[in-house]
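Trainee: sequence below, structure please.
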Amino acid sequence: MGVIFVTTATALVLAAIAMMARDLTVYRLDWSNEIDAEARILALSTAPALAFDDHTLAMRNLSALRAHSAIVAAALYKPNGALYAEYVRAAVPRPPAHLAPAADQRIWRPGQYLELTHRIERGGEVLGTLYVEAHYDVMSRLRGYVEISAAVSLLSLALALALSTSLQRGITRPLGAIADAARQVVRRRDYSLRVLETTDDEIGLVIEAFNGMLDEVQSRTDALERTNTALRDEVQVRHAAEQALADANARLEATMAALRRADRRKDEFLATLAHELRNPLAPIRNAVRLLEMPLLDEQRRQWGRDVIARQVQRMALLLDDLLDVSRITQGRLQLKKTRVSLGSLVALAVETARPLIDSKHHVLETRLPAEPLEITVDPLRLSQALSNLLTNAAKYSDSGGHIVVAAELTADELRLAVRDTGIGLSAASIPSLFEMFSQVDSAIDRSEGGLGIGLALVKGLVALHGGTVQAESAGIGHGSTFTIRLPAAAVAQPAPEAAGAPLPVTARSGDPRCSVLVADDNRDAADSLGLLLQMSGYEVYVCHSSHEALAVALQTHPDVLVLDIGMPGMSGLELAQRIRETPWGNDAMLIAATGWGQHEDRERSRSAGFDHHLTKPIDTEALQQLLAGFAKRRTSTENP
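Mentor: Okay, the predicted model is just below:
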């Protein structure tokens with residue numbers, strides 16, 4: 001009932017407001033038009049007074065405006081704008097003393113004042129201007145509207161109240177009972193509720209139908225509840241089974257992914273291991289063949305024995321790293337701690353890495369605490385770790401780089417940092433850097449060698465000392481920093497044995513069968529193979545880098561080029577492509593010499609322009625058969 005009352009009252013008020021707004025707007029327009037019409041009539045009646053300069057007649061015409069209460073002021077102006085006659089009600093400002101001639105205007109001023117000006121003309125002659133000011137009394141008319149609207153609204157509300165009371169007894173109350181019952185059923189899910197209030201008319205039939213519907217719904221709800229209970233039990237069992245299956249599948253996927261990663265790393269490690277073992281075998285085999293030659297002088301024999309010793313030492317270091325990693329993984333590596341000077345430990349590590357650092361012309365800077373410091377560590381293992389970090393810094397920095405070894409003692413730890421200006425690290429590679437068999441660069445770029453276990457070995461050795469190691473880098477090309485943190489120790493890694501000094505190769509007297517260029521960044525491998533080929537009657541050029549090999553080749557145009565694929569700076573594949581682009585390079589025979597011998601490696605070398613692919617250690621008899629066949633074919637072509 002209250003809703004009906006409020007709704008009716010609101011509707012009446014809105015209707016009254018709309019009617020008043022509409023009527024006031026129309027009335028204001030009509031009122032202004034009425035004032036304008038009276039002003040025009042007054043202009044016509046005052047024209048003779050202006051024409052004959054009859055001021056009395058003009059004042060009499062203006063005074064007639066007293067009959068219209070809305071007009072509060074009026075004035076006549078001569079053609080030159082001077083005031084001629086005026087009419088003003090009490091307490092009203094006088095009209096302006098001068099009014100410039102203008103066209104007819106209608107202007108509303110604040111306070112509901114209307115100003116009208118009309119030009120007075122007769123026979124085309126301008127006699128003057130009429131000015132009329134009227135006040136629009138909107139409040140009195142608004143009060144009348146409000147009084148009428150209030151009376152109509154009260155009468156309408158009384159009728160609405162009487163009608164709603166009648167409807168409530170016959171319709172609204174029974175329907176409200178149905179609505180209340182429906183709300184209770186929805187809120188409480190209790191289908192036993194019924195509508196008790198009823199009537200003998202159509203509303204009563206609706207109530208009976210509603211109660212019958214509740215009876216039917218209650219019976220079906222009971223049946224559905226029993227079915228839902230059984231289904232929920234079955235669904236829970238199925239969800240549990242599905243969750244267990246999903247967990248098992250997730251574990252299986254994780255296991256399979258780990259196995260695939262392990263298998264891939266195993267393949268990479270085995271390929272790398274084969275490559276690293278083949279690299280020292282090549283110069284060993286060449287040195288053995290040289291030692292078998294009866295005409296070899298003692299100096300050359302000693303050089304061959306030195307090559308064998310260096311390469312065997314390199315293989316021993318590789319195997320030692322493998323054994324150390326295995327012992328750490330199995331928990332069988334025992335530290336032999338002793339009191340040692342920090343300076344001597346760093347010096348031992350630097351001494352191990354010094355050959356490689358000097359060979360690449362790096363600048364090494366050591367920064368130790370001003371006061372001598374002794375630490376209780378396993379000096380062999382810590383110097384091994386520190387020398388490994390120094391070796392990596394030298395290996396992955398371009399020639400002329402800057403390496404810094406810095407030690408800093410704080411209140412609770414000793415920090416050993418190895419900083420370089422090398423190739424740097426990407427942010428994505430750092431998290432997996434210390435994992436087993438982890439290699440940052442592609443295999444073909446790892447020209448310096450390595451099994452991918454060095455940093456894992458560093459991490460294990462440092463962990464045995466109760467410390468940690470971490471890597472930092474500003475990005476590719478911005479160098480890197482490896483920091484070892486120990487309670488009171490410093491860490492480094494062992495460096496591989498540096499390559500020996502290059503062996504000068506002089507031309508052999510006599511007429512060589514063909515010219516051969518040998519390029520390998522492993523100096524022992526390049527020099528021993530070059531000496532072997534020279535003593536077999538070939539004109540030999542030995543180079544230790546791709547850029548050197550390209551320069552020599554462009555100058556000498558060798559018939560055969562034996563190129564190591566994994567050289568730094570420019571790979572052997574790129575060098576072969578550069579050779580093939582020259583006019584004489586199309587006729588040369590290119591032989592790839594590498595430790596990478598899988599099918600994909602052979603296809604890659606063939607695509608780069610190589611004629612043959614030999615894996616290290618190179619079978620020198622097979623190589624000489626290739627050279628002899630090439631020389632024979634070239635001779636038959638030149639002398640048909």
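
Trainee: CA only for contacts and neighbour counts going forward, please
Mentor: Noted.

Trainee: which stretches of the stretch 151-300 of the chain have low pLDDT?
Mentor: Counting by pLDDT under 70, the stretch 151-300 of the chain contains low-confidence residues at 166-173, 175, 191, 196-202, 204, 265-279.

Trainee: any idea how far the closest residue to Pro487 other than its chain neighbours lies from Arg339?
Mentor: Nearest in space to Pro487, with sequence neighbours left out and distances taken as Cα to Cα, 6 or more residues apart in numbering, is Glu413 at 4.4 Å. The gap separating Glu413 from Arg339 is 17 Å, by Cα to Cα, to the nearest Å.

Trainee: circling back: was I right about the residue nearest to Pro487 contacting Arg485?
Mentor: Yes. Between Glu413 and Arg485 a contact is recorded at 6.3 Å, counting by Cα atoms under 8 Å.

Trainee: which one of those two is surrounded by more residues?
Mentor: The neighbour comparison of Glu413 against Arg485 (other Cα atoms under 10 Å) goes to Arg485, with 24 against 16.

Trainee: mind listing the strands for the stretch 51-200 of the chain?
Mentor: Defined through DSSP state E, counting those that start in this stretch, the strands belonging to the stretch 51-200 of the chain, from first to last, are 71-77, 83-88, 105-109, 113-122, 125-135.

Trainee: which residues of the stretch 401-550 of the chain fall in helices?
Mentor: If DSSP state H, counting those that start in this stretch is used as the criterion, the helices of the stretch 401-550 of the chain fall at 454-464, 523-535, 546-556.

Trainee: quick one: the longest one to chain centroid distance?
Mentor: Just to be clear, that refers to helix 523-535. What separates the centre of helix 523-535 from the centre of its chain is 53 Å, taken as Cα atoms, centre = their mean, to the nearest Å.

Trainee: could you give the mean pLDDT of that helix?
Mentor: In this model, helix 523-535 has an average pLDDT of 88.

Trainee: tell me the buried residues in that helix?
Mentor: The neighbour-count check on helix 523-535 (16 or more other Cα atoms under 10 Å) flags 523-535 as buried.

Trainee: give me every residue that touches the closest residue to Val377 other than its chain neighbours.
Mentor: For Val377, the nearest residue in space outside its immediate sequence neighbours is Lys337; the separation is 4.4 Å by Cα to Cα, 6+ apart. Lys337 makes contact with Thr376, Val377, Asp378, Pro379, according to Cα atoms under 8 Å, 6 or more residues apart in numbering.

Trainee: now do Lys337 against Ser32, distance only.
Mentor: If you go by Cα to Cα, the gap between Lys337 and Ser32 works out to 114 Å.

Trainee: same thing with Val518?
Mentor: Distance check for Val518 against Ser32: by Cα to Cα, it reads 114 Å.

Trainee: who's more crowded, the two?
Mentor: A side-by-side neighbour count of Val518 and Ser32, using other Cα under 10 Å, places Val518 first with 24 against 19.

Trainee: correct me, but that one touches Gly530?
Mentor: Yes. Checked against Cα under 8 Å, the pair Val518 and Gly530 is within contact range at 6.4 Å.
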